[in-house]
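Trainee: Coordinates for the following, if possible.
(2 chains)
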Amino acid sequence: KAGVTQTPRYLIKTRGQQVTLSCSPISGHRSVSWYQQTPGQGLQFLFEYFSETQRNKGNFPGRFSGRQFSNSRSEMNVSTLELGDSALYLCASSRAQGTDTQYFGPGTRLTVL
Amino acid sequence: QKEVEQNSGPLSVPEGAIASLNCTYSDRGSQSFFWYRQYSGKSPELIMFIYSNGDKEDGRFTAQLNKASQYVSLLIRDSQPSDSATYLCAVTYGGSQGNLIFGKGTKLSVKP
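Mentor: Model prediction:
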């Protein structure tokens, strides 16, 4: 069974731009969670989508948003990029929402200049 | 404040020794506990999960959970240089409608 895929793997943007990241979950998984990982803060929860609905949201500003499609694929958008948004963005999929076992994709490395 | 605490390390052990990684959490209502391994430049990889008090063994790995003490640990027996990585503890908050909170990880180095 194929794992979680994320595109693109690497991205370089400048301050003020916006970016869209994509995640395809494991087949049969309906929940997608997004995380931001930085050396200082570690892995921080952004939000979770299940059945095309945002079920949970972490403590991030409104510039961070997401959505999920009927095929469970998810996108995450960051508007008005700031230097501090440079991070590894990870998506994880699970069969059920919330606290079911999560499997991570390879991540998207975002660099904001 | 939901917190998951881990010793950042680095924890250095000789090859063949037992590595012991520890994690404490703040919410007594947490139900599920996970250990992930993350190699440098890679994404986290699930090693084990544990739901009940006591020990759970899988190959060279043993997870231990003590809900009364709000403590979960991971033992790696016969440590190998390939076990050198950062180990992340994750704890669920908010019941079935909640989410995972991660510790910042413990860096393990296994010396040949």
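Trainee: pLDDT value on residue A:77, please?
Mentor: Note on residue A:77: pLDDT of 98.
Trainee: Verify the stated contact: it with residue A:62.
Mentor: No. Residue A:77 lies out of contact with residue A:62 (C-beta atoms under 8 Å); the separation is 10.9 Å. C-betas here are computed from N, CA, C, even on glycine.
Trainee: who's more crowded, the two?
Mentor: residue A:77 (13 against 6; other C-beta atoms under 10 Å in any protein chain shown).
Trainee: ok, and what's touching the strand or helix carrying the more buried one?
Mentor: Taking DSSP states H and E as the criterion, residue A:77 maps to strand A:74-78. Under the contact criterion C-beta atoms under 8 Å, 6 or more residues apart in numbering or on different chains, strand A:74-78 has outside partners A:18-23, A:25, A:32, A:34, A:46, A:49, A:63-69, A:85, A:89, A:91, A:110.
Trainee: Same question for stretch B:3-20.
Mentor: Residues contacting stretch B:3-20 (C-beta under 8 Å, 6+ apart): B:21-26, B:73-81, B:83, B:87-91, B:101-112.
Trainee: Which ones among the residues you listed lie within strands?
Mentor: If you go by DSSP state E, the contacts of stretch B:3-20 have B:21-25, B:73-76, B:87-91, B:101-102, B:106-111 in strands.
Trainee: out of the residues you listed, which touch chain A?
Mentor: Restricting those to those within reach of chain A (C-beta under 8 Å from any C-beta of the partner chain) leaves B:88, B:101, B:102.
Trainee: ok, of the contacts of strand A:74-78, which come out buried?
Mentor: Buried subset of the contacts of strand A:74-78 (neighbour count, 16 or more other C-beta atoms under 10 Å in any protein chain shown): A:19, A:21, A:23, A:25, A:32, A:34, A:46, A:49, A:64-66, A:68, A:85, A:89, A:91, A:110.
Trainee: What about these, which are in strands?
Mentor: A:19, A:21, A:23, A:32, A:34, A:46, A:49, A:64-66, A:68, A:89, A:91, A:110.
Trainee: Columns pLDDT on top of those, output as CSV?
Mentor: Listed next are these as CSV, based on pLDDT from 0 to 100:
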residue, pLDDT
A:19, 98
A:21, 98
A:23, 98
A:32, 94
A:34, 96
A:46, 95
A:49, 93
A:64, 98
A:65, 97
A:66, 97
A:68, 97
A:89, 98
A:91, 96
A:110, 98
